[in-house]
Every structure is written in C-alpha cells, then in structure tokens.
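>>> Test case, fold it:
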Amino acid sequence: MNKTIDKVTTKRMALYTGRTHPELAEEVAKHLEVQLGEANIVEFSNGELRPRFGESVRGGDVFVMQTHCAANGRSVNDSIMEQLIMIDAAYRASAKRVTAVCPFYGYARQDRKAEGREPITARLLADMFKAAGSKRMVSIDLHSGQIQGFFEGPVDHLTAVPVLEDYVRKNVKNGLVIVSPDAGRVKVAERFAQHLTDMNADVAFINKRRPKNTTNVAVAKEVIGEVEGRLCILTDDMIDTGGTIVSAAELLMARGAKEVWAMATHGVLSGPAIERLENSPITRVVLTNSLPLPAEKRIAKIEVLSVAKILADALSAVFDETSVSDLFGGENQA
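Sure thing, here's the model as predicted:
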C-alpha cells in the first residue's frame, strides 16, 4: 500500500549581519520584529574568518546583510569576504534560500571597461555571490542599473528617493532645482523633481569632464538649466572623495544659486572628502545610513537619514513572495 504524507510547512526568516554596520541590521530587525541571529564570527590570528550560526537555519529563508566598506579596522575587501563566507555557511547548513543584502554594493563603479586591460569587478563580485550560494541580491541605489544583469538570480534594486523626498518636503518650501552632477544621473534627477512638482521643482545638470587616466578627479564645466536665485539640491548615488559634488556646488554658486545642498544615498567619504565638504559652499549634506558614519566624520553640515524601513519592507516582501517594485510604484529598477 502506497502512503502519502501531507505536511504544512512553516516559513522561517533568519537575518544575520557581518561586522561592518551592525547598527543598520539591528534597526532592520526591529522593523521586521525578528531577532537578529548570532553569526558568532571568529577571527583567527592570521586574519582568517569562521562564522558559526547560533541556531539551525535548515529550510529557512536566510538574509545575510553586509554593506561593503572599510570599518572597524577592516577593509572593503574584508567586508565582502566576510559576507561571502557567511553565505557559504548558510548554504552548507541547508538553508532553503540565501539572500545577499548589500545596502552598498562594492566595486559598483567597475561595471564596464572604460579602457583596455581593465576588469569588470562588479560582475566578478556577482559571480562570487552565486558561487557562495546566494540565490538573490538586495541593494540600494546601485551605481548603474545594468549591474542587475550581472546576476543570474533575482535582484531587488531599492531606492532611497522616498526618504530623501520626505526630507525635502519637511525642510523646503518652494523654488528649488534638483541638479544632477553629471549627465548620467539626469533621469534620476528628473524623477525626483517629478515627485516635487507641487513645489515647483525644476531640473538642471552639470556638464563635467574627467581627465584621462585619473581616478577620483572631475571638473565641472557648465550648468545646463536655470539656477540663479534658487536653492539647488545636488543629488547623486554616492559621495566618495567629494571632488565631483564640491566642484559642481562651486559652479552653481558662481552661476548665481541662492544656496546649495548635496543629497546622496551612500556617504563613502574617503580621503579628503570631509575637508572638502567642510570648506565648500554646500550648506547641507544629507546622506543615508547605508554606510556607517564614524564619529570623526560627523561634521555639522552632515545629516543622516535611515533606510532601515525601506530595507525591512523589501525583505518582508521577498519573504512573503509579494512585489518589491510596488513599494516604490515601479520606479526602483532604473
């Protein structure tokens, strides 16, 4: 006699974090009303890592969160390797699905070959996540949308625009201009301005040039759009050394702007960034907490907004198998 057994299985979410930005993961866990799992990462004297989850993840929907940056004495490469090892541990512990949650995706600017003999490291990183056992990736404001195509599995590309837009509505009245620091971000600036049409928001962009064979160097050449006498809000996916955003702000002030703010999702703030921002004509720098902001970089101009709710809502949608795009009205994929 053949017997069939019917069982109703229960789904279980497990959220773990690496060591570069545990504060964000704790905030996400609080929004999700789940307990952040114990990764129990051991670092051996030679620098090798060994995580061992404190509870069984067999059959669970496991989310491993790590933002890719240098923090707590570790490099950006250390943070990436730590996440890969944690994903491998979850995969080998028979997790049903492992999702890599990368609020800031490392090497995103190396998404193409601009010159000969260069790597496409953003693709290499995607391959490494796949090899480790990740079936899905979640990130916020990738440097370019094409990075989604580097993954064979689903990519949930979130955006911090709703958080930034809410800040503008609470702190600005009317007569503002959303300024893209280069031609490549014009579409994002236009979408931002469209959400603020009731505030008479216009769009402008900076024509900039990068000298050949240089890195972290950009020269703002001209402003395309009407900025005279208005509040100009420069918006970008990240502020790294601050050269692009400060050069653009100086040009805007030279063209008669009343005031200049800078808004970005990711505050990388490497090298001379803090000194440049402090000495620039920018009056406010609004960032999100996708990356940790060390105490030595917390100058008066910088305000930090939380993206924990956006991440939590997205992870909840992934877990419940509902639409992530609906959280953003379908405007999160570009």
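
>>> and stretch 60-72, how far out from the chain's middle?
12 Å (C-alpha atoms, centre = their mean, to the nearest Å).

>>> how long is that stretch from one end to the other?
30 Å (C-alpha to C-alpha, to the nearest Å).

>>> Equivalent analysis for stretch 283-298, please.
End-to-end distance (C-alpha to C-alpha), stretch 283-298: 14 Å.

>>> May I see the buried residues of it?
Applying a neighbour-count criterion of 16 or more other C-beta atoms under 10 Å, one finds 284, 285, 286, 287, 288, 289, 290, 291, 292, 293 buried in stretch 283-298. The way it works is simple: take the backbone N, C-alpha and C, and place the C-beta from them, glycine included.

>>> how about the fourth one, what does it touch?
With contact set as C-beta atoms under 8 Å, 6 or more residues apart in numbering, residue 287 has these partners: 239, 263, 264, 265, 266, 267, 293, 302, 303, 304, 305.

>>> just residue 297 next, same as before
Contacts of residue 297 (C-beta under 8 Å, 6+ apart): 269, 274.

>>> Quick check: it vs residue 304, distance?
Distance, residue 297 to residue 304, by C-beta to C-beta, to the nearest Å: 10 Å.

>>> Check residue 119 too.
Taking C-beta to C-beta, one finds residue 119 at 32 Å from residue 304.

>>> same check, this time on residue 164
Counting by C-beta to C-beta, the gap from residue 164 to residue 304 is 12 Å.

>>> need the helices for the protein, in chain order.
For the chain, the helices defined by DSSP state H occupy 22-32, 76-92, 121-132, 161-171, 186-195, 243-254, 273-278, 308-320.

>>> Ok, which of those helices comes nearest residue 39?
helix 76-92 (6.1 Å; C-beta to C-beta).

>>> Show the average pLDDT along that closest one.
Helix 76-92 shows a mean pLDDT of 98.

>>> residues near residue 104, how many?
As a burial measure, residue 104 scores 27 neighbours (other C-beta atoms under 10 Å).

>>> That one against residue 289, yeah?
No. Here residue 104 does not reach residue 289: they are 10.4 Å apart, not a contact under C-beta atoms under 8 Å.

>>> can you tell me which residues contact residue 31?
Residue 31 touches 308, 309, 311, 312, 313, counting by C-beta under 8 Å, 6+ apart.

>>> and the gap between the residue lying closest to it once chain neighbours are set aside and residue 96?
Among residues not flanking residue 31 along the chain, residue 312 sits closest, at 3.5 Å (C-beta to C-beta, 6 or more residues apart in numbering). Using C-beta to C-beta, one gets 20 Å for the distance from residue 312 to residue 96.

>>> Please apply the same query to residue 269.
Counting by C-beta to C-beta, the gap from residue 269 to residue 96 is 38 Å.

>>> Comparing those two, which residue is more hemmed in?
Higher neighbour count among residue 269 and residue 96: residue 269, with 25 against 15, using other C-beta under 10 Å.
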